[in-house]
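1. The following comprises the amino acid sequence and a computationally predicted model.
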Amino acid sequence: MPRNFKVQRSSTAGVTGASIKQKMLQWCRNKTRNYQGINIENFSSSWCDGLAFCALIHRYFPDAFDYSSLKAEERRKNFTLAFSTAESLADCYPLLEVNDMILMGDRPDPMCVFTYVQALCQTFSKMDKLKKDKDLEDQEKTVTDKGEPCEREASVVSPVQTGEEEQQQDGTEDQKHVETSPAKSEDENEKMAPSES
(Lines give C-alpha, C1' and ligand atoms only; values in the text may rest on other atoms or scores of the structure.)
Protein backbone atom coordinates (compact mmCIF):
# COMPACT_ATOMS: atom_id res chain seq x y z
CA MET A 1 0.00 0.00 0.00
CA PRO A 2 2.73 2.56 0.70
CA ARG A 3 4.05 1.84 -2.76
CA ASN A 4 0.83 3.11 -4.37
CA PHE A 5 0.96 6.16 -2.18
CA LYS A 6 4.40 7.03 -3.55
CA VAL A 7 3.20 6.65 -7.11
CA GLN A 8 0.24 8.91 -6.43
CA ARG A 9 2.43 11.46 -4.71
CA SER A 10 4.90 11.42 -7.58
CA SER A 11 2.08 11.79 -10.08
CA THR A 12 0.67 14.77 -8.18
CA ALA A 13 4.09 16.40 -7.99
CA GLY A 14 4.45 16.10 -11.77
CA VAL A 15 1.10 17.75 -12.37
CA THR A 16 1.93 20.54 -9.94
CA GLY A 17 5.27 21.13 -11.66
CA ALA A 18 3.60 21.26 -15.06
CA SER A 19 0.93 23.68 -13.87
CA ILE A 20 3.58 25.95 -12.34
CA LYS A 21 5.39 26.04 -15.67
CA GLN A 22 2.14 26.77 -17.50
CA LYS A 23 1.33 29.59 -15.07
CA MET A 24 4.82 30.97 -15.52
CA LEU A 25 4.48 30.83 -19.32
CA GLN A 26 1.13 32.60 -19.09
CA TRP A 27 2.65 35.28 -16.84
CA CYS A 28 5.43 35.81 -19.40
CA ARG A 29 2.91 36.02 -22.24
CA ASN A 30 0.86 38.57 -20.34
CA LYS A 31 3.87 40.74 -19.60
CA THR A 32 5.22 40.64 -23.16
CA ARG A 33 2.00 40.60 -25.21
CA ASN A 34 2.50 44.14 -26.53
CA TYR A 35 5.99 43.42 -27.82
CA GLN A 36 6.16 42.76 -31.54
CA GLY A 37 7.75 39.48 -32.53
CA ILE A 38 7.54 37.92 -29.07
CA ASN A 39 5.62 34.66 -28.94
CA ILE A 40 6.43 32.73 -25.78
CA GLU A 41 5.37 29.11 -26.15
CA ASN A 42 8.05 27.29 -24.14
CA PHE A 43 11.16 27.71 -22.01
CA SER A 44 13.57 26.87 -24.80
CA SER A 45 13.29 28.12 -28.39
CA SER A 46 11.05 31.06 -27.40
CA TRP A 47 14.02 32.54 -25.53
CA CYS A 48 16.86 31.61 -27.92
CA ASP A 49 17.53 35.07 -29.40
CA GLY A 50 17.32 37.02 -26.15
CA LEU A 51 14.42 39.22 -27.28
CA ALA A 52 11.92 37.62 -24.90
CA PHE A 53 14.26 38.35 -21.98
CA CYS A 54 14.68 41.92 -23.21
CA ALA A 55 10.91 42.39 -23.61
CA LEU A 56 10.21 41.05 -20.13
CA ILE A 57 12.85 43.29 -18.56
CA HIS A 58 11.88 46.29 -20.70
CA ARG A 59 8.30 45.90 -19.46
CA TYR A 60 9.53 46.80 -15.97
CA PHE A 61 12.32 49.19 -16.96
CA PRO A 62 11.14 50.94 -20.14
CA ASP A 63 13.72 53.72 -19.83
CA ALA A 64 16.67 51.34 -19.52
CA PHE A 65 17.05 50.74 -23.26
CA ASP A 66 15.35 51.18 -26.62
CA TYR A 67 13.62 47.89 -27.23
CA SER A 68 12.61 48.81 -30.79
CA SER A 69 16.26 49.00 -31.83
CA LEU A 70 17.00 45.36 -30.92
CA LYS A 71 17.45 42.69 -33.60
CA ALA A 72 16.96 38.94 -33.27
CA GLU A 73 20.25 38.32 -35.11
CA GLU A 74 22.24 40.13 -32.39
CA ARG A 75 21.82 37.40 -29.82
CA ARG A 76 24.93 38.16 -27.76
CA LYS A 77 23.97 41.83 -27.49
CA ASN A 78 20.39 40.92 -26.47
CA PHE A 79 21.44 38.43 -23.77
CA THR A 80 24.09 40.79 -22.41
CA LEU A 81 21.65 43.69 -22.30
CA ALA A 82 18.87 41.66 -20.67
CA PHE A 83 21.03 39.98 -18.04
CA SER A 84 23.03 43.08 -17.10
CA THR A 85 19.89 45.27 -16.90
CA ALA A 86 18.09 42.74 -14.70
CA GLU A 87 21.12 42.53 -12.44
CA SER A 88 21.76 46.27 -12.13
CA LEU A 89 18.16 47.53 -11.90
CA ALA A 90 16.27 44.60 -10.36
CA ASP A 91 19.12 43.04 -8.39
CA CYS A 92 18.38 39.75 -10.12
CA TYR A 93 21.59 37.78 -10.50
CA PRO A 94 22.04 36.30 -13.99
CA LEU A 95 21.66 32.57 -13.54
CA LEU A 96 22.44 32.13 -17.22
CA GLU A 97 25.71 32.89 -18.95
CA VAL A 98 25.66 34.73 -22.25
CA ASN A 99 28.24 32.32 -23.72
CA ASP A 100 26.17 29.29 -22.67
CA MET A 101 23.06 30.72 -24.30
CA ILE A 102 25.02 31.36 -27.50
CA LEU A 103 26.43 27.81 -27.50
CA MET A 104 22.99 26.26 -26.98
CA GLY A 105 21.78 27.88 -30.20
CA ASP A 106 18.08 27.61 -31.05
CA ARG A 107 17.30 25.14 -28.25
CA PRO A 108 18.49 26.46 -24.87
CA ASP A 109 18.11 24.10 -21.92
CA PRO A 110 14.49 24.54 -20.73
CA MET A 111 15.36 23.99 -17.06
CA CYS A 112 18.07 26.65 -17.13
CA VAL A 113 15.77 29.15 -18.83
CA PHE A 114 12.86 28.27 -16.53
CA THR A 115 15.02 28.75 -13.43
CA TYR A 116 16.14 32.21 -14.53
CA VAL A 117 12.66 33.27 -15.67
CA GLN A 118 11.29 32.08 -12.34
CA ALA A 119 13.81 34.30 -10.55
CA LEU A 120 12.77 37.24 -12.74
CA CYS A 121 9.11 36.51 -12.08
CA GLN A 122 9.65 36.47 -8.31
CA THR A 123 11.61 39.71 -8.43
CA PHE A 124 9.14 41.50 -10.67
CA SER A 125 6.14 40.21 -8.70
CA LYS A 126 7.67 41.68 -5.55
CA MET A 127 8.14 44.97 -7.39
CA ASP A 128 4.48 44.88 -8.51
CA LYS A 129 3.33 44.20 -4.96
CA LEU A 130 5.48 47.00 -3.51
CA LYS A 131 4.14 49.43 -6.11
CA LYS A 132 0.56 48.37 -5.43
CA ASP A 133 1.06 48.69 -1.67
CA LYS A 134 2.66 52.12 -2.09
CA ASP A 135 -0.19 53.31 -4.31
CA LEU A 136 -2.71 52.10 -1.74
CA GLU A 137 -0.77 53.79 1.05
CA ASP A 138 -0.62 57.04 -0.94
CA GLN A 139 -4.39 56.93 -1.51
CA GLU A 140 -5.04 56.37 2.17
CA LYS A 141 -2.61 59.14 3.10
CA THR A 142 -4.36 61.54 0.72
CA VAL A 143 -7.69 60.82 2.38
CA THR A 144 -6.20 61.12 5.88
CA ASP A 145 -4.26 64.33 5.14
CA LYS A 146 -7.18 66.14 3.59
CA GLY A 147 -9.83 64.76 5.88
CA GLU A 148 -12.06 64.42 2.85
CA PRO A 149 -12.40 62.09 -0.12
CA CYS A 150 -9.49 62.02 -2.49
CA GLU A 151 -9.79 63.89 -5.78
CA ARG A 152 -10.65 60.76 -7.74
CA GLU A 153 -13.68 60.12 -5.51
CA ALA A 154 -14.70 63.77 -5.73
CA SER A 155 -14.58 63.67 -9.52
CA VAL A 156 -17.11 60.84 -9.48
CA VAL A 157 -19.53 63.09 -7.58
CA SER A 158 -18.99 66.24 -9.64
CA PRO A 159 -20.81 65.10 -12.82
CA VAL A 160 -23.91 64.46 -10.73
CA GLN A 161 -23.66 67.90 -9.18
CA THR A 162 -23.17 69.45 -12.61
CA GLY A 163 -26.26 67.65 -13.86
CA GLU A 164 -28.34 69.04 -11.00
CA GLU A 165 -27.11 72.56 -11.71
CA GLU A 166 -28.06 72.24 -15.40
CA GLN A 167 -31.53 71.01 -14.49
CA GLN A 168 -32.08 73.98 -12.18
CA GLN A 169 -30.97 76.42 -14.88
CA ASP A 170 -33.31 74.87 -17.44
CA GLY A 171 -36.26 75.06 -15.08
CA THR A 172 -36.77 71.35 -15.48
CA GLU A 173 -36.07 70.83 -11.80
CA ASP A 174 -39.38 72.51 -10.92
CA GLN A 175 -41.28 70.30 -13.34
CA LYS A 176 -39.56 67.22 -12.00
CA HIS A 177 -40.41 68.24 -8.46
CA VAL A 178 -44.06 68.73 -9.32
CA GLU A 179 -44.25 65.44 -11.20
CA THR A 180 -42.54 63.42 -8.52
CA SER A 181 -44.08 65.08 -5.46
CA PRO A 182 -46.53 62.88 -3.61
CA ALA A 183 -50.17 63.87 -3.80
CA LYS A 184 -50.98 66.54 -1.24
CA SER A 185 -53.39 65.78 1.52
CA GLU A 186 -56.72 67.59 1.71
CA ASP A 187 -55.42 69.65 4.66
CA GLU A 188 -52.50 70.96 2.60
CA ASN A 189 -54.83 71.81 -0.30
CA GLU A 190 -57.13 73.75 2.05
CA LYS A 191 -54.20 75.73 3.48
CA MET A 192 -53.05 76.69 -0.03
CA ALA A 193 -56.50 77.61 -1.34
CA PRO A 194 -57.43 81.28 -0.94
CA SER A 195 -59.76 81.76 1.95
CA GLU A 196 -63.25 83.06 1.28
CA SER A 197 -63.53 85.52 4.11
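-> That came in fine, so what should we check first? Numbering: from 1, shown residues only.

2. buried ones in the top helix by length along the chain?
-> Assignment by DSSP state H gives helix 110-146 as the longest helix of the chain. Neighbour counts over helix 110-146 (16 or more other CB atoms under 10 Å) mark Cys112, Val113, Phe114, Tyr116, Val117, Gln118, Ala119, Leu120, Cys121, Thr123, Phe124 as buried. No exception for glycine: its C-beta is placed from N, CA and C like everyone else's.

3. any weak-confidence spans in this structure?
-> The model of the chain has pLDDT under 70 over residues 1-17, 144-197.

4. switch the cut-off to 90
-> The model of the chain has pLDDT under 90 over residues 1-19, 37, 93-94, 128, 130-197.

5. Show me the helices in the protein, by range?
-> Remark: helices assigned in the chain by DSSP H are 2-32, 51-60, 75-90, 98-104, 110-146, 151-170, 172-180, 186-192.

6. quick one: the longest helix of the chain to helix 75-90, angle?
-> Angle, helix 110-146 to helix 75-90, by axes from the mean of the first three to the mean of the last three CA atoms, to 10 degrees: 40 degrees.

7. ok, and the closest non-adjacent residue to Gly72?
-> Small correction: residue 72 is Ala, not Gly. Spatial nearest neighbour of Ala72, excluding adjacent residues (CB to CB, 6 or more residues apart in numbering): Asp49 at 4.3 Å.
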